[in-house]
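Enquirer: Provided below for reference: sequence and predicted model.
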Amino acid sequence: MNTAEVHLANLALAVQERVTALCDTGQFVERVFYGADHKPLRDEDAAVPDDFDPGAWGGRPPATVPDVHITVGLDKGGDPGSVKIVVSIINQQRPNKPGNAILAAVCPFRQDQYAQLSAIVAIHTPHLDELLGRRVDVRGERRPVRLLLSGDWESQSTVIGHKGPNATIPCYKCKSTKAPSITHATLDAMYGTLQDVSGPWQLRDADQYATCAEVRVNCGQNSHLSVTRPALVSPHPRQIVPIPVHLTLGINSRELRLAVEVVIRCCGRDAGSSFAYELAEVLHAEARVHPVPYHGGLFIGRDCHAIGDHKDAVCVALEGNLSGLMGEPAALAAEYLQACRDSWALWNRIRKVVNRATIATAAETTAFKSDVTTFVTGLKASVGWLNVSPKLHLLLAHAPDFLEEFGSIGLYGEQGLEAWHCRYRQTARLYPGETDLTSTAAFVRSMALAGGANPAVLDRFAPLRASAKEGAHKATKDGDTRLRANKPAAPVSDETREKAAHERELWADKVFAVAAETMITYERRLCVESP
């Protein structure tokens, strides 16, 4: 038995059952499109036309028509490794909670490569088409489905047939090339590059993924625009979620590496290596964060937010390593230090909006767009070696538009999908089997039963009270035991302490190696450009 057939054989019925239960328990939340003035594009009394054909809209109904927002996410991860397909109904207050999502499939594969995912999704494509082609009943009104693609960058690229972030045209939303080059000078002139931070960016055609019916590796780049394989799911480019979780991970790592690069630039490689180790210890002592070995040795999850909250400690450590310079190097170091401080301040505001699973206000939407533009363009202008990566480009060029249209990024993000990796790791031992396939099938069946869409189940996930006001639970007194400094230290063995120290050293080595290579490339470029 294929595990993919265990739970998704009746996806349309599962979604309908969940929507009905949400309506019966008063937990169904309307989601709308927003205009440039942050006003809903749909009237309160808007209704779906009686003669509409939802299949013709392809998961993107008009903004004025009441609909149901559905995200489909695929991702590889967990231990044991597996590819998971999760369907989330955004028309509820907490769609990212695992209990509020539909676990469509768990397939015991180690990598989310195209050949493997195509075999998985092929089983579900008819059910996805049925979901888009039929109408979902919401309090007696038949509504179309608005389909959004979630997941991380790699899985999103694989699902739509894109070659990924290392392709000539790395963005799956627009046609910008990676960087200026002689080989692709024509494409650079037509579409611009990711390094052109001022835009404008030409969005891809809405039907580009759907029209790629066969593998196209031998035709010209201008023909396929780095989409070379048939799409497994064909969402509208504007309905591909801008991966808020992975944006946070990537940009947080880039900020830390930037500090090491500044020290290398101003003080040399030896000073940069020493600072990388010092920075690891500062983050451990001040922010109490730890690199995660199974995630490339980087900081993940809440650690990224903790580091941002302790940005002053990072800047103080950086200032201490630049304080001994004199003359022109000192002025250059002061400029870089101020750029780092400004970027941290902007990033702290940006990441909170990106990850917050609530609808932003008009003022927050406007401020977000301004902060993102200042953040990326400011770094590009102040730090000559900065390369605008696909993630920075996604944040600058496409995240503000998504926030403006849907009112939230975190609400549609991949956090719920990532949470299933943890749940599977914690409970996989409870479902033993002769093979990984049988064990996975037992897990999916159990999750289907545990997540049944009935009022008794949904009430467990309903909010019992309103969220507290910001700062209401913040500990301020010196004797408050909610402060970490006032809590007794948990006992830690010497072996655990040594292992954590070794992981910090590995992180420092990796960050320094990447930073040093970046600075070598930059110095070579300066030599070529100098007369």
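Expert: Sure, I can see it. Every value quoted in this text rests on a predicted model; they were computed, and no experiment measured them. Numbering: from 1, shown residues only.

Enquirer: Need the per-residue pLDDT for G161.
Expert: With respect to pLDDT, G161 scores 87.

Enquirer: now the helices for the stretch 1-150 of the chain?
Expert: Ranges of helices in the stretch 1-150 of the chain, per DSSP state H, counting those that start in this stretch, are 4-7, 11-24, 54-57, 114-133.

Enquirer: next one: the stretch 201-350 of the chain
Expert: Using DSSP H, counting those that start in this stretch, helices in the stretch 201-350 of the chain cover 208-211, 221-224, 244-267, 269-282, 302-309, 311-322, 327-355.

Enquirer: Mind giving me the packing neighbours of the second one?
Expert: Read that as helix 221-224. helix 185-191 (3 or more C-beta pairs under 8 Å, 6 or more residues apart in numbering; DSSP states H and E). For glycine as for every other residue, the C-beta is placed from the backbone atoms N, C-alpha and C.

Enquirer: So which bits of the helix it packs on are buried?
Expert: Under the neighbour-count criterion of 16 or more other C-beta atoms under 10 Å, helix 185-191 has 187-188, 191 buried.

Enquirer: Then stretch 227-235?
Expert: 227-235.

Enquirer: Also stretch 48-68?
Expert: Residues of stretch 48-68 classed as buried: 48, 52, 54, 57-61, 63, 65-68 (neighbour count, 16+ other C-beta under 10 Å).

Enquirer: Just name the lowest-scoring one in the residues you listed, pLDDT-wise.
Expert: Lowest pLDDT among the buried residues of stretch 48-68: P54, 71.

Enquirer: Distance check, the residue nearest to it when sequence neighbours are not counted against I70.
Expert: Closest residue to P54 apart from its sequence neighbours, by C-beta to C-beta, 6 or more residues apart in numbering: P144 at 3.8 Å. Distance of P144 to I70, given as C-beta to C-beta, to the nearest Å: 10 Å.

Enquirer: what distance separates the start and the end of stretch 227-235?
Expert: Stretch 227-235 has its terminal residues 14 Å apart, counting by C-alpha to C-alpha, to the nearest Å.

Enquirer: How about residues contacting stretch 379-390?
Expert: 153, 165, 170-171, 178-179, 194-195, 197, 250, 254, 258, 261-262, 265, 335-336, 338-339, 343, 376, 396, 518-519, 521-522 (C-beta atoms under 8 Å, 6 or more residues apart in numbering).

Enquirer: now those: which count as buried?
Expert: Taking 16+ other C-beta under 10 Å as the criterion, what is buried in the contacts of stretch 379-390 is 153, 165, 170-171, 178, 194-195, 197, 250, 254, 258, 261-262, 265, 336, 339, 343, 376, 396, 518-519, 522.

Enquirer: where in this structure is pLDDT low?
Expert: The chain contains residues with pLDDT under 70 at 1-9, 78-80, 109-112, 212-219, 295, 433-440, 444-445, 448-485, 488-489, 530-531.

Enquirer: Could you point out the longest helix of it?
Expert: The single longest helix within the chain, with elements called by DSSP state H, is helix 494-529.

Enquirer: That helix vs helix 269-282, what angle?
Expert: Orientation check (axes from the mean of the first three to the mean of the last three C-alpha atoms, to 10 degrees): helix 494-529 against helix 269-282 gives 140 degrees.

Enquirer: F299 is nearest to which of the helices of the stretch 1-150 of the chain?
Expert: Taking C-beta to C-beta, helix 114-133 is the member of the helices of the stretch 1-150 of the chain nearest to F299, at 28.2 Å.

Enquirer: any idea of the angle that closest one forms with helix 11-24?
Expert: 50 degrees.

Enquirer: In terms of secondary structure, what does helix 114-133 contact?
Expert: Applying 3+ C-beta pairs under 8 Å, 6+ apart, we find helix 114-133 packed against helix 4-7, helix 11-24, helix 54-57, strand 68-77, strand 82-89, strand 101-107, strand 145-151, helix 153-160.

Enquirer: what residues does the third one touch?
Expert: Right, helix 54-57. If you take C-beta under 8 Å, 6+ apart as the criterion, helix 54-57 is touched by 61, 129, 132-135, 144-145.

Enquirer: One more pass at 10 Å, please.
Expert: 48, 61, 65, 67, 129-136, 142-147, 236 (C-beta atoms under 10 Å, 6 or more residues apart in numbering).

Enquirer: List buried residues within the residues you listed.
Expert: If you count burial by 16+ other C-beta under 10 Å, the buried members of the contacts of helix 54-57 come out as 48, 61, 65, 67, 131-136, 143-147, 236.

Enquirer: dump the residue contacts of A516.
Expert: 260-261, 264, 269, 272-273, 276.

Enquirer: Among those residues, which pair sits farthest apart?
Expert: Using C-beta to C-beta, the two most remote members of the contacts of A516 are E261 and S273, lying 12.2 Å apart.

Enquirer: Can you check which residues contact both of those two?
Expert: 511-512, 515-516.

Enquirer: Including distance to A105, could those residues go into JSON lines?
Expert: Converted to JSON lines, the shared contacts of E261 and S273 look like this (distance: C-beta to C-beta, whole Å):
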{"residue": "V511", "distance to A105": "37"}
{"residue": "F512", "distance to A105": "41"}
{"residue": "A515", "distance to A105": "40"}
{"residue": "A516", "distance to A105": "43"}
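
Enquirer: now do the same end-to-end measure for stretch 352-372.
Expert: Taking C-alpha to C-alpha, stretch 352-372 runs 12 Å from one end to the other.

Enquirer: how about it: buried residues?
Expert: 353-357, 359-360, 364-365, 368-369, 371-372.

Enquirer: Stretch 152-165 too?
Expert: Quick answer for stretch 152-165 (16+ other C-beta under 10 Å): 152-163, 165.

Enquirer: tell me which of those residues is nearest to P491?
Expert: The closest of these, once distances to P491 are taken by C-beta to C-beta, is D152, at 36.5 Å.

Enquirer: Just give me the neighbour total for the residue lying closest to the closest one once chain neighbours are set aside.
Expert: Closest residue to D152 apart from its sequence neighbours, by C-beta to C-beta, 6+ apart: H246 at 4.9 Å. H246 has 21 neighbouring residues, counting by other C-beta atoms under 10 Å.

Enquirer: where's H246 relative to L41, distance?
Expert: Counting by C-beta to C-beta - H246 and L41 are separated by 29 Å.

Enquirer: for S408, same thing?
Expert: With the distance defined as C-beta to C-beta, S408 ends up 16 Å from L41.

Enquirer: Find the centremost residue of this structure, please.
Expert: Closest residue to the average C-alpha location of the chain: I243 at 2.2 Å, with C-alpha atoms, centre = their mean.

Enquirer: pretty sure that residue contacts L148?
Expert: No. Assessed by C-beta atoms under 10 Å, I243 is found out of contact with L148, at 11.9 Å.

Enquirer: need the contact list for K39.
Expert: 32, 362.
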